[in-house]
Structure formats: structure tokens, C-alpha cells
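Here you go, sequence then predicted model.
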Amino acid sequence: MLELPAALSILLVGLLVPLLTLATIGIRVSFLNAAAQEAAHAASRANVFENSNPQPGDLPDAKTVARNQAQATVQALGGGGIAIDSGSGVNTTILISKITNPNPFEQPTGGVTASDHMLRSVDIANNVYSVRVTVTAKIDPIFKFPRIFGDIPGLTGPFAVSAVGQEMVEHPQSLQQRGGVGGG
């Protein structure tokens, strides 16, 4: 009977605290996934994919909209433990799928190509266009343990995670570079 308090404290510290940490990381990963989905939805509705020379009064491009929406969604969901990477934390690309192979969720091989820049032309008769937003962030655990056994992401420090959101483009002409020049 004397070992009961010791056994309960071992169970509490040894099992409950790590499980609570794991559950918190899982919730924060789902928040990051929601941020990626919202960013992709907002980017798919933008009037232009990329604007290299924005003028005052111009509407924001899809890349800017995706970055702002991802950050706003993380903050709205209580993103105190989620830190989106400042440099390349939000990456927005265009996926082009042939209509004969309209699965836009497969990797860019064969019938699917990807572009980080505006397209020279848009062919809506033969292609389907999607916007893919990848959000990369570091998720802090709710409890940080001492580094007894070294650095363990998610237990002693932040855990790096990427989430992907993808959505069909509402106005494919917004992906086309004005004047016929551009990448892709």
C-alpha cells in the first residue's frame, strides 16, 4: 500500500504528461492544416497569381493573400505555439493537370506540371489549374523537458511540420502573365 503514491506519480509523470504533449502537438498540427487549407482557398480566388511590381491600390496577388491568410488563421486559432517560418514558410505554386488525367492531387509527374511563376498562356480546354499552398512551421510542445537524452523535437524543443492545402483556381486567366511574358 505504501508504493501506491509512488506508482501513481510515475504513471502521471511518465504517461499522462507525454500523452498530453502529444495531444497538444496533434491539435496544433490540425490548426496548421486548417491554415494551409484556408490559404489555398484564398489564393485560388485572387485576381492575379503574382505581381512583381505592385502599384498603390492594386489588389494583392495570390502569393501575398496565401501568406496573410495562413498567418491570420494560425493567430485566430490560438497559434501561440505555432511559428510559421518567416522566409519560406508559405510556398504557393500552380499545378497544371491535363484533362485526360484530371487528378490534381498527384505529384507533378507526367501529366501534371508545377510552376512558381505566372504562366505564359492558359489553356482551359485541355488543362485544369490548381493552387497548392505549403505552410511550414515549428510547433512548440506544451511542456518542454530537459535535454537529458539529447535534442528530441516535440519533447525538448519545437517540432518542424509542413501542411499542404490545394484548391482549384476559380479564374484560370489570373494565372496568365499580362503581355505574354513570364515563367512556366
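Nice, thanks for sending it over. Values in this document were obtained by computation on a predicted structure and should not be read as measured data. Residues are numbered from 1 along each chain as shown.

Now do the longest helix seen in the chain: which elements does it pack against?
Determined from DSSP state H, the single longest helix within the chain is helix 17-44. Helix 17-44 sits against helix 62-76, strand 82-84, strand 90-98, strand 127-139, strand 159-168, with contacts defined as 3 or more CB pairs under 8 Å, 6 or more residues apart in numbering; DSSP states H and E. For the C-beta atoms, the positions are set from N, CA and C on the backbone; glycine is no exception.

give me the low-pLDDT residue ranges for this protein?
101-112, 177-184 (pLDDT under 70).

Contact partners for Val74?
If you count contacts by CB atoms under 8 Å, 6 or more residues apart in numbering, Val74 has them with 31-32, 35, 82, 84, 137.

Go through those residues and name the one nearest Ser121.
The closest of the contacts of Val74 to Ser121 turns out to be Ala35 (CB to CB; 32.0 Å).

nearest to Met118, of the helices and strands packed on helix 17-44?
strand 90-98 (8.4 Å).

For that closest one, name the packing helices and strands.
Secondary-structure packing of strand 90-98 (3+ CB pairs under 8 Å, 6+ apart): helix 17-44, helix 62-76, strand 112-115, strand 127-139.

measure the residue nearest the centre of the chain to Thr156 for me?
What sits nearest the mean C-alpha location of the chain, by CA atoms, centre = their mean, is Val135, with 2.4 Å. Val135 sits 24 Å away from Thr156, going by CB to CB, to the nearest Å.

Please enumerate residues in contact with stretch 121-132?
40, 43-44, 49, 62, 66, 92-99, 102, 104, 114, 164-169, 172-173, 175-176, 180.

Give me the buried positions along that stretch.
122, 127-132 (16 or more other CB atoms under 10 Å).

That concludes my questions; thank you for your assistance.
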